[in-house]
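Undergrad: Sequence first, predicted model second:
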Amino acid sequence: MAKVSMREVAAHAGVSIGTVSHVVNTPEKVSPETLAKVNQSISELGFVPNAAARQLRSGRSSSLGLVVLDAANPFFASVARGAQDACDRAGLALLLGDSGTDERREGKYVDLFAEQRVNGLLVTPAGSDLSGLEGASRRGTPVMLVDREPGSASLSSVTVDNVAGGRLALDHLIAGGSVRPAFVGGPLTLPQVADRLAGATLRAHDAGLGLEVFDSGEQTILAGRAVGQQIVAMPRSQRPDAVFCANDLIAVGVMQAVIMSSGLTVPDDLAIVGYDDIDYAYSTIVPLTSVRQPAELLGRTAVETLLSEESAGSTGHHNLRFTPELIMRESTKPE
């Protein structure tokens, strides 16, 4: 079926093309009677406004771009859900990109969304170099970091205190009697992982304990299971008695290795703490103790703050940090 043009709508309604354009783009400039007449013609003819043309005229699309490290990770799915809720209320669409912790792939999404003239970018960076995002901001695309501190970069952010979260996890394990704690996570170069490790290391040092570190390489269940198999194969005298995992998926993998591949038990032989408190942390084989991040709140706040800055024409930057919370379950010993 041929596409109906604005000229055809104008002829059908008995008005000028300019009037139809005002109805589509600036209806407040049209009288109620004319508005009703033109909208009736639009409905009867099945006219679909050209969104791309409107975008070029306004300089912006009605969308935000969100780039996360792993869309399959339930934590980032919750972040996206919170961002989507805020976008819905603002009348915006949310475009999602998955960098897979690849900086080049992230850059391609940032460039693509900027070319689409999105109202703003929400990004969880895959690396430490934020110059590309700063460049996008200078070129006129508002940028908000999600789950990541800006460091020296001139960018706004919404995050959780990951160093405090690492201390919180180790404090709980030590209070439960751990004398050989370990950290499992990766890649260790990822700032969020590095911050959680830093907090855990500080707390272990304060207690006069060492902290063995296992680099899982990835933040997946399979990566956690591989490290878990390493741990259960260690001699008892050298094996950690507790592990703090950089996220819940890794913790689930470690737990699977302990329960499925050895005669060890959780938490008596190995206490386990995860991070994020994803939805199914409480329904694992042994309910998982986890450091909770308010994922949906992060996504929602990121959108609201970005839009607020854009509306106010703000040249300053907001860096909002939430406090993590320990959720105790059966995978660790009571304090």
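TA: Structure's in. What do you need?
Undergrad: Tell me which other helices or strands the helix or strand hosting Val227 touches.
TA: Counting by DSSP states H and E, the element that carries Val227 is helix 221-232. For helix 221-232, the elements it packs on are strand 181-185, strand 212-215, helix 248-261, judged by 3 or more C-beta pairs under 8 Å, 6 or more residues apart in numbering; DSSP states H and E. Quick note: C-beta positions are derived from backbone N, CA and C, even for glycine.
Undergrad: partners of the second one in the sheet?
TA: This points to strand 212-215. The partner list of strand 212-215 in its sheet, established with DSSP bridges, is strand 181-185 (parallel).
Undergrad: Of all the helices and strands packed on helix 221-232, which one comes closest to Ala77?
TA: helix 248-261 (11.9 Å; C-beta to C-beta).
Undergrad: to the chain's geometric centre, what's the distance from the following helix or strand past the closest one?
TA: As assigned by DSSP H and E, the chain's next helix or strand after helix 248-261 is strand 271-276. Computed by C-alpha atoms, centre = their mean, to the nearest Å, the chain-centroid distance of strand 271-276 equals 19 Å.
Undergrad: got it, and stretch 108-119?
TA: Taking C-alpha atoms, centre = their mean, one finds stretch 108-119 lying 18 Å from the centre of the chain it belongs to.
Undergrad: In it, which residues are buried?
TA: Tyr109, Val110, Phe113, Ala114, Arg117, Val118, Asn119 (16 or more other C-beta atoms under 10 Å).
Undergrad: contacting residues around that stretch?
TA: Residues from elsewhere that reach stretch 108-119 (C-beta atoms under 8 Å, 6 or more residues apart in numbering): 55, 59-65, 67, 92, 95, 97, 99, 121, 123, 132-133, 136, 139, 141-142, 307, 310.
Undergrad: Could you dump the helices and strands packed on helix 221-232 into TSV and include distance to Ser154?
TA: Shown next, in TSV, are these (distance: least, C-beta to C-beta, whole Å):
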stretch	distance to Ser154
strand 181-185	29
strand 212-215	32
helix 248-261	33
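Undergrad: Quickly compare these and say which is most buried.
TA: Ranked by mean neighbour count, the helices and strands packed on helix 221-232 are led by strand 181-185 with a mean of 27 (mean count of other C-beta atoms under 10 Å).
Undergrad: What average pLDDT does that strand get?
TA: Over the span of strand 181-185, the pLDDT mean works out to 98.
Undergrad: Was I right to think Asp98 contacts Asp70?
TA: Yes: using C-beta atoms under 8 Å as the test, Asp98 is close enough to Asp70 to be in contact (6.6 Å).
Undergrad: Tally up the residues packed near Leu64, please.
TA: Using other C-beta atoms under 10 Å, Leu64 has 27 neighbouring residues.
Undergrad: I'd guessed it sits against Leu121; true?
TA: Yes: the pair Leu64 / Leu121 is scored as a contact, 7.3 Å apart, by C-beta under 8 Å.
Undergrad: Pro240 against Val213, yeah?
TA: No: checked against C-beta under 8 Å, the pair Pro240 and Val213 is beyond contact range at 10.5 Å.
Undergrad: Setting aside sequence-adjacent positions, which residue approaches the residue located most distally from the centre of the chain most closely?
TA: Outermost residue of the chain with respect to the C-alpha centroid, by C-alpha atoms, centre = their mean, is Gly14; its distance is 50.4 Å. Distance criterion C-beta to C-beta, 6 or more residues apart in numbering; nearest residue to Gly14, sequence neighbours excluded, is Lys37 at 7.6 Å.
Undergrad: and what of Ile285?
TA: In space, Ile285 comes closest to Ile259 once its chain neighbours are excluded; the distance is 5.7 Å by C-beta to C-beta, 6+ apart.
Undergrad: What of Met6?
TA: Using C-beta to C-beta, 6+ apart, the closest residue to Met6 is Val20 (5.0 Å).
Undergrad: ok, back up a step: ok now do the residue nearest to Ile285, which residues does it touch?
TA: With C-beta under 8 Å, 6+ apart as the criterion, the residues that contact Ile259 are Thr265, Val266, Ile285, Val286.
Undergrad: pretty sure Met234 is in a strand, no?
TA: No: with the criterion set as DSSP: H, G, I helix; E, B strand; the rest coil, the secondary structure at Met234 is coil rather than a strand.
Undergrad: For it, which residues are in contact?
TA: Pro240.
Undergrad: Give me the pLDDT for it.
TA: Reading off the per-residue confidence, Met234 sits at a pLDDT of 95.
Undergrad: Past the least confident helix or strand in the chain by mean pLDDT, which element shows up next along the chain?
TA: Sorted by mean pLDDT, DSSP states H and E, the helices and strands of the chain end with helix 51-58, the least confident at a mean of 46. With elements assigned by DSSP H and E, the helix or strand that comes after helix 51-58 is strand 63-68.
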